[in-house]
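> Need coordinates for the below:
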Amino acid sequence: MNMRPFARRTHLLIFFLLLSAVLLMNSCGRKDRPTLKSFEKPETVKEIRILHRKEGLILSWSYPEHAVSNISGFYIDKAEGGETKFRNVRFLNSDVFTFTDPDCLPGTLYRYKIRAYSLKDVIGDDSAVITVTPAEPPPPPSGLSFKISGKTLEISWAPAGPGVLYNIYKTYESGKEASSLLNRAPLGGTSFRDRIEPERSVYYAVRSLLDTPVGDEGLPSPAVEVSPASFVPSPPVGLLAVPSEHFVMLTWRDNPETWTRGYRVYRKMQGETGFGIIGETLSPLFKDPVKLTTVAAYRVAAMGPTVESRPSEIIETLLPAVP
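Next up, the predicted model:
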C-alpha cells in the first residue's frame with residue numbers, strides 16, 4: 001500500500017493549522033494604529049450658558065457630536081473677585097455638559113472658562129470667558145393650587161414679591177425634583193396653563209427669579225400633585241326618562257369634560273332602601289329593560305379616570321302596566 005499521498009495530505013493539514021494559529025495570535029491584541037487626528041488640538045468649547053440658582057452657579061455648554069469621541073473631558077477654570085489668574089476647579093468626563101459651582105456668594109464677581117482635553121493629552125484653546133455677579137435669589141412662591149376645566153389644567157400660586165418672575169417645572173416621579181421647564185420665557189403672572197394628563201400623576205413646582213442676565217433663581221416651591229383622582233367629572237344634567245311597555249329609555253346631556261370615561265346608571269324601585277347600579281354606558285343614552293308596574297327612580301354619575309362624579313338629580317317615572 002502506497003502511504004505517500006496520505007502522508008502528503010497530513011503534512012498539508014498540519015501546515016494550514018499552524019498558519020491559522022499564527023494569524024489568530026497576531027490578530028488578538030492588535031491595536032489600531034494612532035492617526036494624526038488623535039493628536040490634533042480639540043475643538044474649542046462654545047455656546048456656554050450660565051444660570052444662578054440658590055444652589056449655586058450652573059454652567060452648561062454644547063460640544064460638536066463628531067468631536068466628542070476624540071476627547072476625554074473638560075477642564076473648568078475659575079477666577080474670583082479681583083483674581084487675575086484662573087485656577088482649575090473641576091475635571092468632567094466627555095459625556096458631561098453641565099457643572100454646578102456651589103461656592104459662590106451674591107455680590108461677588110466670578111469668571112469661568114472651559115477647555116477640552118483630548119485622548120492624547122492635548123489641551124484645547126480656552127473658551128470665551130463668562131463673567132457673572134450673582135444677586136440674592138428671591139424666596140420661593142407659596143400656595144400652589146390647581147384647577148381643572150375642560151381640556152386645560154391651571155396652576156396658580158401666591159406672588160413672592162414685587163418685580164419677581166417665575167419658572168414652572170414638572171416631573172412624573174414622586175419625591176423627585178421637578179426639573180422639566182414648561183414656560184419658554186419667565187412668567188410675569190402667577191398662573192400657568194398646561195395640557196391635562198389624566199392617566200398618571202404629575203408633580204409641579206415653581207421657582208421665583210429676578211429679571212437679570214443669569215436669572216438669579218430661588219429654591220423650588222413645595223410641589224403640588226395632580227393625580228388621576230383629581231379628575232372628577234361634573235354631575236350629568238338634563239336627565240330624562242321615557243317609559244314604554246317593555247323598557248325605560250334614559251337620556252341626558254353629554255359631559256363637557258373630554259376625559260369623561262363614560263356613565264354609570266343607578267335605579268331604585270319603590271320600596272327599596274337605596275340605589276343600585278344597573279349598568280354603564282359610554283354615551284348619554286341608556287335602555288333599562290324593566291317591565292314592573294311601580295315607580296322607579298333614576299340617577300346617573302359620570303366616570304373619571306378613577307373617581308366618579310356626584311350623581312345627577314333624581315328623576316322618577318311610573319312604569320306602565322304590562323298586560
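> tell me the secondary structure for Glu43?
coil (DSSP: H, G, I helix; E, B strand; the rest coil).
> ranges for the helices of the stretch 51-200 of the chain?
Assigned by DSSP state H, counting those that start in this stretch, the stretch 51-200 of the chain shows helices spanning 65-68.
> what about the strands in it?
56-62, 71-80, 87-93, 98-101, 110-118, 130-132, 142-149, 152-158, 165-171, 180-181, 191-195 (DSSP state E, counting those that start in this stretch).
> now the angle from the longest one to strand 56-62?
Direction vectors for strand 71-80 and strand 56-62, defined by axes from the mean of the first three to the mean of the last three C-alpha atoms, to 10 degrees, enclose an angle of 140 degrees.
> Relative to the whole chain's centre, how far out is strand 71-80?
Distance of strand 71-80 from the chain centroid (C-alpha atoms, centre = their mean, to the nearest Å) equals 30 Å.
> So what touches it?
Residues from elsewhere that reach strand 71-80 (C-beta atoms under 8 Å, 6 or more residues apart in numbering): 42, 45, 59, 63, 85-94, 96, 99, 101, 108-119, 123-124, 126. For every residue, glycine as well, the C-beta is placed using N, CA and C.
> quick one: strands adjacent to that strand?
Strand pairing for strand 71-80, using DSSP bridges, gives strand 87-93 (antiparallel), strand 110-118 (antiparallel).
> for the first one, same thing?
Applying DSSP bridges to the sheet, strand 56-62 is found paired with strand 46-53 (antiparallel), strand 98-101 (antiparallel).
> Would you mark the buried spots in it?
Buried positions in strand 56-62, judged by neighbour count with 16 or more other C-beta atoms under 10 Å: 57-59, 61.
> Nearest to Leu144 among those?
Ile58 (23.5 Å; C-beta to C-beta).
> Report the contact partners of the closest one.
Counting by C-beta under 8 Å, 6+ apart, Ile58 makes contact with 50-52, 98-101.
> so where's the stretch 201-323 of the chain shaky on pLDDT?
Applying pLDDT under 70 to the stretch 201-323 of the chain flags the ranges 292, 319-323.
> Kindly reformat the strands paired with strand 56-62 as TSV containing mean pLDDT.
What follows is these, written out as TSV (pLDDT from 0 to 100):
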stretch	mean pLDDT
strand 46-53	93
strand 98-101	96
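> Among those strands, single out whichever gets nearest to Leu153.
Across the strands paired with strand 56-62 (criterion: C-beta to C-beta), the nearest stretch is strand 46-53, sitting at 25.8 Å.
> hmm, back to that, which one of the buried residues of strand 56-62 is nearest Met303?
Ile58 (44.9 Å).
> what's the spacing between the residue positioned nearest the centre of the chain and Ser179?
Compute the mean C-alpha point of the chain, and by C-alpha atoms, centre = their mean the closest residue is Thr171, 4.7 Å away. Counting by C-beta to C-beta, to the nearest Å, the gap from Thr171 to Ser179 is 6 Å.
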